[in-house]
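The sequence isn't on hand, but the structure is:
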């Protein structure tokens with residue numbers, strides 16, 4: 001299996017200065033390659049302390065110059081907020097600077113605060129994502145951007161520097177709703193899974209995704225990439241306490257950033273699935289939903305972490321696991337300890353697991 005990690009730049013409840021967060025997160029980023037992790041991922045968000053990385057490709061370009069081997073992935077670039085031609089140019093530049101280590105991850109966005117901040121209409125996001133993704137995939141494959149869609153009218157232009165090798169097999173998108181999963185299959189994109197709903201639902205959607213991918217693209221879908229908010233500690237009780245506090249705090253930041261206590265998603269075109277999600281939160285209550293999210297993540301002793309990842313792999317067919325270690329205001333000493341223990345005790349076992357055929 002491939003084992004990577006991500007850097008979130010979260011400043012939960014502004015408990016630190018933003019400068020302190022950046023210095024500590026970049027220090028953690030410098031540990032990733034020496035500890036043996038195989039990829040580093042950045043996450044795009046704007047305007048709140050949820051994730052303070054407004055330009056994930058700028059961060060990845062910085063890390064390209066500080067590393068030699070790790071892959072550099074976006075988790076994700078939110079396409080409706082960007083001109084897809086510029087995104088294609090940026091990925092091509094990153095790939096050239098890193099000698100082909102770029103991994104494309106894209107998504108369509110969910111937070112009203114971010115769409116409003118960019119003066120964009122959320123109801124157009126699904127159509128804009130689909131058109132932008134088509135343009136981006138083709139531009140990175142052919143080195144030429146040209147598109148005549150409903151929302152995007154792009155005259156023919158060359159991408160320079162021209163992509164020097166194919167991005168096929170290293171282009172993914174995040175999907176939560178069933179509709180998005182099917183759209184990814186039609187676009188030929190791999191799936192990036194961030195656990196937040198029952199695994200039984202994920203399995204059902206993966207089955208439909210794989211069938212459509214095979215039908216449309218004439219080849220099997222790539223194994224999905226699975227992310228997990230991870231707490232690794234030698235003591236089981238301590239790991240449980242840390243996960244309860246910090247994964248719980250991260251879940252609260254999700255609730256705040258995406259306004260899941262608001263009703264606006266129920267009436268926003270293209271976000272009906274999330275509207276139903278807010279109804280489930282109302283039905284089950286905050287604590288039960290938080291506990292459910294906690295149980296989806298990877299925490300415990302090294303042995304428990306390994307077993308949880310293998311269980312998820314069995315359910316999803318994933319060949320890659322991305323561990324997120326820094327979130328929810330966790331002290332940086334604890335983050336580094338967890339990250340190092342996982343690298344020492346869990347990662348070698350995962351790397352020895354053969355890839356799916």
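Cool, got the structure. Everything numeric here is computed off the predicted structure, so don't read it as measured data.

pretty sure residue 3 is in a strand, no?
Yes - assessed by DSSP: H, G, I helix; E, B strand; the rest coil, residue 3 belongs to a strand.

That one touches residue 37, doesn't it?
Yes - if you go by CB atoms under 8 Å, residue 3 and residue 37 touch, sitting 6.0 Å apart. All C-beta spots, glycine's among them, are computed from the backbone N, C-alpha and C.

Spell out which residues are contacts of both of the two.
When CB atoms under 8 Å, 6 or more residues apart in numbering defines a contact, the residues bordering residue 3 and residue 37 alike are 323, 347.

Run a quick neighbour tally on residue 130.
Counted with other CB atoms under 10 Å, the neighbours of residue 130 add up to 22.

so where does it fall, helix or strand?
Element membership for residue 130, per DSSP states H and E: helix 125-142.

Show me what that helix packs onto, helices and strands only.
Counting contacts by 3 or more CB pairs under 8 Å, 6 or more residues apart in numbering; DSSP states H and E, helix 125-142 is packed against helix 84-97, strand 102-107, strand 144-148, strand 171-174, helix 178-187.

Now the residue most central in space within the chain: closest residue in space, sequence neighbours ignored.
The centroid of the chain falls nearest to residue 75 when counting by CA atoms, centre = their mean (3.4 Å). For residue 75, ignoring the flanking residues on the chain, the nearest one in space by CB to CB, 6 or more residues apart in numbering is residue 41 at 4.2 Å.

quick check, the one you found in a helix?
No - counting by three-state DSSP, residue 41 is not part of a helix but strand.

quick one: residue 128 from residue 209, how far?
21 Å (CB to CB, to the nearest Å).

for residue 92, same thing?
From residue 92 to residue 209 the distance is 27 Å (CB to CB).

Compare those two (neighbour count), which wins?
residue 209 (25 against 21).

now the helix or strand where the more buried one lies: how far from the chain's centre is it?
Taking DSSP H and E as the criterion, residue 209 maps to helix 199-217. Relative to the chain's own centre, helix 199-217 is displaced by 19 Å; criterion: CA atoms, centre = their mean, to the nearest Å.

Please apply the same query to stretch 293-301.
17 Å.

buried set for that stretch?
Residues of stretch 293-301 classed as buried: 293-294, 296-301 (neighbour count, 16 or more other CB atoms under 10 Å).

same deal with stretch 74-93?
For stretch 74-93, by 16+ other CB under 10 Å, it's 74-82, 84-85, 87-93.

coming back round to it: what's the helix holding residue 209 packed up against?
helix 178-187, strand 190-193, helix 302-316.

what's the distance between the closest residue to residue 233 other than its chain neighbours and residue 8?
Leaving aside its chain neighbours, residue 233 sits nearest to residue 239 (3.9 Å; criterion: CB to CB, 6+ apart). Distance of residue 239 to residue 8, computed by CB to CB: 20 Å.

can I get the helices and strands packed on helix 199-217 in TSV with mean neighbour count and distance to residue 276?
Below are those laid out as TSV (neighbours: other CB atoms under 10 Å; distance: least, CB to CB, whole Å):
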stretch	mean neighbour count	distance to residue 276
helix 178-187	19	11
strand 190-193	24	19
helix 302-316	17	22
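
Identify whichever of these lies nearest to residue 155.
helix 178-187 (22.1 Å; CB to CB).

measure the residue nearest to residue 75 to residue 186 for me?
On the measure of CB to CB, residue 41 and residue 186 end up 25 Å apart.

got the buried residues for stretch 216-234?
221-233.

Any idea how far apart the tips of it sit?
Using CA to CA, to the nearest Å, one end of stretch 216-234 lies 47 Å from the other.

Then stretch 102-119?
Rule used - CA to CA; the end-to-end distance of stretch 102-119 is 30 Å.

what bits of the stretch 251-357 of the chain have low per-residue confidence?
357 (pLDDT under 70).

nope, the chain is what I meant
357.

Could you rerun that using 90?
175-183, 273, 276-282, 355-357 (pLDDT under 90).

now the strands for the stretch 201-350 of the chain?
Secondary structure of the stretch 201-350 of the chain (DSSP state E, counting those that start in this stretch): strands at 225-232, 298-300, 320-324.

could you dump the ones you listed to CSV with distance to residue 353?
Shown next, in CSV, are these (distance: least, CB to CB, whole Å):
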stretch, distance to residue 353
strand 225-232, 13
strand 298-300, 15
strand 320-324, 10
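
Name all residues that make contact with the nearest residue to residue 319 once chain neighbours are set aside.
The shortest distance from residue 319 to any non-neighbouring residue, by CB to CB, 6+ apart, is to residue 223 (4.1 Å). By CB under 8 Å, 6+ apart, residue 223 lies in contact with 190, 317-320, 355-356.

what's the helix or strand for residue 154?
Residue-wise, residue 154 maps onto strand 153-158 under DSSP H and E.

picking up where we left off before, can you list the buried residues in the helix holding residue 209?
For helix 199-217, using 16+ other CB under 10 Å, the buried residues are 199, 202, 205-206, 209-210, 212-213.
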